[in-house]
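>>> Sequence first, predicted model second:
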Amino acid sequence: MNLSTNNISIYRFFTNLFFVLIIGFSNLFFSQNFSQVQVKTPPVKSTLLPEIANLSEDIVYKTNRKGDAVKLDVFTPKNVAADQLLPVLIYVHGGGWIEGDKIIHSDNYVETTIAKLMAKQYAVISINYTLLNDSTHFPLPLEDTKDAVRWVRKNAGQYHFDTNNIGLFGASAGAHLSLMAAYTPDNTYLGNPELSSYSAKVNYVIDHYGPTDLNKLFHTKLGTIPVALIGLMSKKIVGLQENLVKGISGYDIRKDQDSAIDYLKTMSPVYFVSGGVPTLIVQGNNDKIVPLNQSKKLHRKLNRAKVQNSLIIVDGGVHGFGTTDKAYLDQLTDQMVEFILSLKK
């Protein structure tokens, strides 16, 4: 096939786009067999954590602007002294902003991280947030993430939370939300009025393979390119790009390309590093869902802004670290816990 330079770029764009978007809309068009985060058996809810921690489930921490209750789970260590304050880590799940939930699964490195933090006398909170659909867009999930931090401060007395030590940890879409919540000004993205008087500031954020520049991720500046130019690719892939851009921004990239680009910029952490907090970035170099360049760009931007940060590149790691051996993952979780402990005030 004889392709011009522009058409080769377009072909590469769609090849990358296929892998980037398949996680979010594979259930609409494709078998999940294409996803890097596929599992052979359905995940099972953690049985370890209820044994080693006190667990309070399905706490309604807010009602969102659509009138829906949004819930979280609280894990606290057992045998805590009556006057002891517990530093808090808030976990934000992934799922392409359209799926996933707060359930912590067995034999997962997130479960391991929480178990290690229980031993260090930390509280861990796993949150749900408003998922996107045809009529639900940003900033609702971001409001929820910041409101979870506000809820911690509002309820600190009841749960013995240490409000001077709060951090965010997110995976994939949850990492994007965590970064945005950590970097944006405290008085922005106010959600539930009952929480708005409380601060959403955090001491640090942990980003696992999260999108950091949404326009780069979705190649929005190319617009929606006629599929005829690259006849090998399906029209459905163009639809995937359109759907995710519209799901996040509310804009149709065919009709409002400039507005979509402008809005996605306001939802991209790389543009908010001036308000950054200490950041640990972890991503695999074989991630086909979110390109490693997303993490590298954030790392560079934070360095230029002189914000404390580290980038850990997981050799051979895919999105979700599903192929990484347990010994390597154990080292990674140790590094995460060390990072968290190092920032305790």
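Alright, I've got the coordinates.

>>> how about the helices of the stretch 151-300 of the chain, start to end?
156-159, 173-183, 214-218, 235-249, 257-266, 292-304 (DSSP state H, counting those that start in this stretch).

>>> quick one, which of the ones you listed is nearest to Asn54?
helix 156-159 (9.9 Å; C-beta to C-beta). Heads up, the C-betas are built off the backbone N, CA and C, glycines and all.

>>> what pLDDT, on average, does that closest one get?
The pLDDT scores in helix 156-159 average 97.

>>> buried set for that helix?
156, 159 (16 or more other C-beta atoms under 10 Å).

>>> which helices and strands sit right next to it?
For helix 156-159, there is no helix or strand it packs on, judged by 3 or more C-beta pairs under 8 Å, 6 or more residues apart in numbering; DSSP states H and E.

>>> Excluding covalently adjacent residues, which one is nearest to Gln308?
Pro278 (4.2 Å; C-beta to C-beta, 6 or more residues apart in numbering).

>>> For the one you found, give me its contacts.
203-205, 307-309, 339, 343 (C-beta atoms under 8 Å, 6 or more residues apart in numbering).

>>> Give me the buried entries from those.
Looks like the contacts of Pro278 have 203-205, 307, 309, 339, 343 buried, using 16+ other C-beta under 10 Å.

>>> Could you verify my assumption that Trp97 touches Gly247?
Yes. Judged on C-beta atoms under 8 Å, Trp97 makes contact with Gly247 at a distance of 6.8 Å.

>>> more neighbours, those two?
More neighbours surround Trp97 than the other of Trp97 and Gly247, with 25 against 21 (other C-beta atoms under 10 Å).

>>> Surely the more buried one is within a strand?
No. Counting by DSSP: H, G, I helix; E, B strand; the rest coil, Trp97 falls outside a strand, being coil.

>>> Next, it: phi, psi?
phi 70, psi 0 (degrees, to the nearest 10).

>>> Give me the neighbour count for the spatially closest residue to Lys201 that is not a sequence neighbour.
Excluding its sequence neighbours, the residue lying closest to Lys201 (C-beta to C-beta, 6+ apart) is Asp186, at 5.4 Å. For Asp186, the neighbour count with other C-beta under 10 Å is 15.

>>> Likewise for Pro141?
By other C-beta under 10 Å, neighbour count at Pro141 equals 28.

>>> separation between it and Ala200?
14 Å (C-beta to C-beta, to the nearest Å).

>>> Find the centremost residue of the chain, please.
Gly174 (1.7 Å; C-alpha atoms, centre = their mean).

>>> Now the nearest residue to that one once chain neighbours are set aside. Its backbone dihedrals?
Using C-beta to C-beta, 6+ apart and skipping the chain neighbours, the partner closest in space to Gly174 is Val92 (3.5 Å). Backbone torsions of Val92, given as degrees, to the nearest 10, read phi -120, psi 120.

>>> And for Val92, the neighbour number?
Val92, neighbours per other C-beta under 10 Å, totals 31.

>>> For it, give me its contacts.
127, 129, 145, 148, 168-171, 174-175, 177-178 are the contacts of Val92 under C-beta under 8 Å, 6+ apart.

>>> do the same with Asp73
Here Asp73 is in contact with 55-59, 102, 104, 125-126 (C-beta under 8 Å, 6+ apart).

>>> A strand includes it, no?
Yes. With three-state DSSP as the criterion, Asp73 is part of a strand.

>>> That one and Lys301, how far apart?
Distance from Asp73 to Lys301, by C-beta to C-beta: 33 Å.

>>> before we move on, the earlier item: mind putting the contacts of Val92 in JSON lines, distance to Lys297 and pLDDT included?
Formatted as JSON lines, the contacts of Val92 follow (distance: C-beta to C-beta, whole Å; pLDDT from 0 to 100):
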{"residue": "Ile127", "distance to Lys297": "26", "pLDDT": "99"}
{"residue": "Tyr129", "distance to Lys297": "24", "pLDDT": "98"}
{"residue": "Thr145", "distance to Lys297": "21", "pLDDT": "98"}
{"residue": "Ala148", "distance to Lys297": "26", "pLDDT": "99"}
{"residue": "Leu168", "distance to Lys297": "20", "pLDDT": "99"}
{"residue": "Phe169", "distance to Lys297": "20", "pLDDT": "99"}
{"residue": "Gly170", "distance to Lys297": "17", "pLDDT": "98"}
{"residue": "Ala171", "distance to Lys297": "19", "pLDDT": "98"}
{"residue": "Gly174", "distance to Lys297": "19", "pLDDT": "98"}
{"residue": "Ala175", "distance to Lys297": "14", "pLDDT": "98"}
{"residue": "Leu177", "distance to Lys297": "18", "pLDDT": "98"}
{"residue": "Ser178", "distance to Lys297": "17", "pLDDT": "98"}
